[in-house]
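Q: only geometry, no sequence info:
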Ligand SMILES: [Zn+2]
């Protein structure tokens, strides 16, 4: 069942509302439909408003960028924290294994959020200068 919402909103408002919905893994347009069936399996469209989630080849490159940035951020933060905690004599084996492990596991856990955040960001930017309603 599709149920379009017709209230126009400002760009920043749209982004923050979409980001909030993304963190709940909900549809960026209506906030009702679930984007993911399970951890790695997406619905093709929103069960509430009918928004198509996959917009074609290349659409998820932005989500990949979000996920790679998250992985790099996880690596850097983990590395700095471990060096800070274990200074002045860090155990380099533990620092490297834990940092690389966190950088490997973090993006796997962040994967669904990278996609929903990308959908929210792309949607907010795409609708910025258009009269398309929310
Ligand atoms: Zn929806």
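A: Looks like it arrived, so ask away. Every value quoted in this text rests on a predicted model; they were computed, and no experiment measured them.
Q: Please determine whether the helix ranked longest in the chain lies in contact with the ion.
A: Scanning the chain for the longest helix, with DSSP state H as the assignment, gives helix 92-126. No. Using Cβ under 5 Å from the ion, we find that helix 92-126 stays clear of the ion, coming within 10.4 Å at best. C-beta: built from backbone N, CA, C; applies to glycine.
Q: Kindly report the same for stretch 53-61.
A: No. Under the criterion of Cβ under 5 Å from the ion, the ion is not reached by stretch 53-61; the shortest gap measures 9.1 Å.
Q: So what touches that stretch?
A: Stretch 53-61 has contacts (Cβ atoms under 8 Å, 6 or more residues apart in numbering) with 27, 35, 42-46, 115, 118-119, 122.
Q: which one of these sits closest to residue 73?
A: Residue 73 lies nearest to residue 118 out of the contacts of stretch 53-61, by Cβ to Cβ, at 16.0 Å.
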